[in-house]
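Undergrad: Dropping the sequence and predicted coords here.
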Amino acid sequence: MAGGIMKKIGIKWKAEHMPSQVGKTVIVTGANTGIGYHMVKALASKGANVIMACRNLGKANTARTEILQAVPEASIAVEELDLADLANIESFGQRITKSHGHIDTLINNAGVMIPPQSTTVDGFELQIGTNHFGHFALTSHLMPLLAAAPQPRIVTLSSIAHWAGQIDLEDINGKGKKYDKWAMYSQSKLANLLFELELDRKLKAAGSHIESFGSHPGYSNTDLQRYSLAWRCLNPVFGMKAVKGAAATLYAATEPNAIEHRYWGPIGMLEARGWTGKAKITTRAADAEIARQLWEHTEALTGIKFQV
């Protein structure tokens, strides 16, 4: 009975319940705003050395200053990372490899949602290119550093939008049809979860000690929805506070008990809000064959051979 209730209401876990992160080095992408900002603040307050990997260095340094005012003892560095540029991602990986002997935790948080139709530097549709291809490339470049850590974790953020997602391997960039920004966003979030689960399978098959998790923030009030006037109006009324939206990812990144499941998120109504729990993995997301094909397709398009 108690277990059934827990599944419905989730785990009443907050950032202050996080285990000590002293001595750990954590990379958070998209760290200068929204849930990423609160992840950095929480991790730093628990003693982690946090690297804010952000495209806009001005905004990132402003966010860093704000966090240091609240957590003066925090150890926070800012590094440029543009997930819409494969060369920039490679350069980031090279810099981090030169400056760090290992990385304990990688949080693939950054994302773009329903922007005007546009492409990455490498010609990919912006949402699949940033949200999936970018994080695939980043994770690949950082694998040796993660392998050098004693208990490394990778957390890749998906979304409840993945429920509507479909992977079109014949036209993953949506060039052969009328552009549908919502369909492209949902596809990118399904790709995130397929990647996370396939990475978990590959790591286990290789006997690796690296753990791969997925998470989602439910419906959180952040500027992710900045391209939609309707969503910006609804956010303050229906969205969770960003600090609560960050909880599931922090749980997956730090809690020993997270190994019980591979995908964490708020589990209230429609998983839009609520306490952290075992989030729903749809049939499409659990499809190992589609995940394998997507992995190979991603390697072919990006030119990156992902070594587990």
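TA: Yes, it's here.
Undergrad: May I ask which helix or strand encompasses Val26?
TA: Mapping Val26 onto the secondary structure by DSSP states H and E places it in strand 25-29.
Undergrad: and that strand, what does it pack onto?
TA: Strand 25-29 is packed against helix 34-45, strand 49-54, strand 105-108, helix 135-147, with contacts defined by 3 or more C-beta pairs under 8 Å, 6 or more residues apart in numbering; DSSP states H and E. From N, CA and C alone the C-beta is placed, and that goes for glycine too.
Undergrad: To Ala253, which of these lies closest?
TA: Of all the helices and strands packed on strand 25-29, strand 105-108 sits nearest to Ala253, with 5.2 Å by C-beta to C-beta.
Undergrad: Just checking: what are the partner strands of the closest one?
TA: If you go by DSSP bridges, strand 105-108 pairs up with strand 25-29 (parallel), strand 153-157 (parallel).
Undergrad: Just put those in TSV and tack on mean pLDDT, mean neighbour count and distance to Pro266.
TA: TSV is the format used below for the strands paired with strand 105-108 (pLDDT from 0 to 100; neighbours: other C-beta atoms under 10 Å; distance: least, C-beta to C-beta, whole Å):
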stretch	mean pLDDT	mean neighbour count	distance to Pro266
strand 25-29	98	26	19
strand 153-157	98	27	13
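Undergrad: would you turn these into TSV with distance to Ile103?
TA: As requested, the strands paired with strand 105-108 are arranged in TSV below (distance: least, C-beta to C-beta, whole Å):
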stretch	distance to Ile103
strand 25-29	5
strand 153-157	9
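Undergrad: where exactly do the strands run in the stretch 151-300 of the chain?
TA: 153-157, 211-215, 263-266, 276-278 (DSSP state E, counting those that start in this stretch).
Undergrad: Can I get these in CSV including distance to Lys98?
TA: Formatted as CSV, the strands of the stretch 151-300 of the chain follow (distance: least, C-beta to C-beta, whole Å):
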stretch, distance to Lys98
strand 153-157, 21
strand 211-215, 25
strand 263-266, 33
strand 276-278, 36
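Undergrad: nearest to Trp13, of those?
TA: Distances from Trp13 to each of the strands of the stretch 151-300 of the chain were compared by C-beta to C-beta, and the smallest falls on strand 276-278, at 5.3 Å.
Undergrad: Which other helices and strands does the closest one contact?
TA: Checked by 3+ C-beta pairs under 8 Å, 6+ apart, strand 276-278 has helix 2-9, helix 247-254, strand 263-266 packed alongside it.
Undergrad: Now tell me what touches that strand from outside.
TA: 6-7, 9-11, 13, 247-248, 251, 260-261, 263-267 (C-beta atoms under 8 Å, 6 or more residues apart in numbering).
Undergrad: shaky segments in the stretch 201-308 of the chain?
TA: Filtered on pLDDT under 70, the stretch 201-308 of the chain yields the residue ranges 223-234, 237.
Undergrad: switch the cut-off to 90
TA: By pLDDT under 90, the weakly predicted segments of the stretch 201-308 of the chain are 219-240, 269.
Undergrad: Out of the strands paired with strand 105-108, which gets nearest to Arg55?
TA: Comparing those by C-beta to C-beta, strand 25-29 comes nearest, at 9.2 Å.
Undergrad: Would you mind pulling the contact partners of that closest one?
TA: 36, 39-40, 43, 48-54, 81, 83, 96, 100, 102-110, 135, 138, 142, 149, 253.
Undergrad: do the same with stretch 175-191
TA: 111, 113-117, 125, 127-128, 130-132, 158-159, 161-168, 170-172, 174, 282, 284-285, 294.
Undergrad: repeat that for 7 Å
TA: Surrounding stretch 175-191, the residues in contact under the criterion C-beta atoms under 7 Å, 6 or more residues apart in numbering are 113-114, 117, 125, 127-128, 131-132, 158-159, 161-162, 164-168, 171, 174, 284-285, 294.
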